[in-house]
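K.L.:
here is a sequence together with a model predicted from it:
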Amino acid sequence: MIGILILAAIIAAVYLIFYVFYPLGRGAIFEPSSPEKTRLMAEIAGVSPSERTADLGSGDGRVVIALAQAGAEAHGYEVNPFLVLRARRSIRRAGLEGRAFIHWGSFWRADLSPFDLITVFQVGFIMGRLETKVKRELRSGARIVSHHWRFPALAPEIARNDIYLYRIG
Ligand SMILES: C[S@@+](CC[C@H](N)C(=O)[O-])C[C@H]1O[C@@H](n2cnc3c(N)ncnc32)[C@H](O)[C@@H]1O
């Protein structure tokens, strides 16, 4: 009985550390985009096969997989190691190795300059800081698709069903 309680406490602690405390302050906790929103993000993104994309906080990898299936070279950055493993397993199962990649680490430390498209489903309090980062690092013409959250100063080119498309001028 004591053994079961200790095991349950360890599992709860690990869950809280990686799913709540670790992302907190850096970005959003894990809440996956619904299948409909994932499809809409990929549709609005309109990727072409030569493009490289990055999902900032890639969770279980569903947006990365959708963009790789649409033809892009799709990358994801994720701080939660359990989600990294889960996403990599889904990528293998979808047969997308070589087109989809998950990087374990904070997107704040990633260089976004090689990417044509950034996707993001994060949290309101980081959008100002993220706007500064994308304006500094992305080339002119690069796009950002945001689920739910808007940038404070950039105006969206498309706003449809809670998905926003921005273009760097
Ligand atoms: C709301 S979920 C979105 C997941 C996925 N992009 C989707 O749309 O289904 C946010 C994810 O961002 C991750 N995250 C939060 N801050 C992060 C950071 N600074 N760097 C990398 N991942 C982060 C969380 O662990 C979580 O998996």
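P.N.:
Good, I have the coordinates.

K.L.:
got phi/psi on the nearest residue to Phe115 once chain neighbours are set aside?
P.N.:
Using CB to CB, 6 or more residues apart in numbering and skipping residues adjacent in sequence, the residue nearest Phe115 is Ala54, 4.7 Å away. (Each C-beta comes from the backbone N, C-alpha and C, glycine too.) Dihedral pair for Ala54: phi -140, psi 130, per degrees, to the nearest 10.

K.L.:
gap between Ala54 and Ile17?
P.N.:
To Ile17, Ala54 is 25 Å away according to CB to CB, to the nearest Å.

K.L.:
quick one, which of the two is more surrounded?
P.N.:
Neighbour count, other CB atoms under 10 Å: between Ala54 and Ile17, Ala54 has more, with 26 against 11.

K.L.:
quick check: the more buried one touching Ala72?
P.N.:
No - Ala54 is beyond contact range of Ala72, at 9.9 Å (criterion: CB atoms under 8 Å).

K.L.:
please identify every residue contacting each of these two.
P.N.:
Leu117 (CB atoms under 8 Å, 6 or more residues apart in numbering).

K.L.:
that older thread, mind listing what the residue nearest to Phe115 touches?
P.N.:
Neighbours of Ala54 in contact, by CB under 8 Å, 6+ apart: Ala74, His75, Gly76, Tyr77, Phe107, Ala110, Leu112, Phe115, Leu117, Ile118, Thr119.

K.L.:
what about those residues, which are in strands?
P.N.:
Mapping those onto strands (DSSP state E) picks out Ala74, His75, Gly76, Tyr77, Leu117, Ile118, Thr119.

K.L.:
the strands in this structure, which residues?
P.N.:
With DSSP E as the criterion, the chain has strands spanning 52-56, 73-78, 100-104, 117-120, 143-147, 158-160, 163-167.

K.L.:
does the third one come close to the ligand?
P.N.:
No - applying CB under 6 Å from any ligand atom, one finds strand 100-104 out of contact with the ligand, separated by at least 8.8 Å.

K.L.:
now the residue nearest to Phe115: how far from Ala87?
P.N.:
For Ala54, the distance to Ala87 - CB to CB - is 13 Å.

K.L.:
which neighbours do these two share?
P.N.:
In contact with both Ala54 and Ala87: Gly76, using CB under 8 Å, 6+ apart.

K.L.:
relative to its centroid, which residue of the chain is most remote?
P.N.:
Relative to the centre of the chain, and counting by CA atoms, centre = their mean, the farthest-placed residue is Met1 at 40.2 Å.
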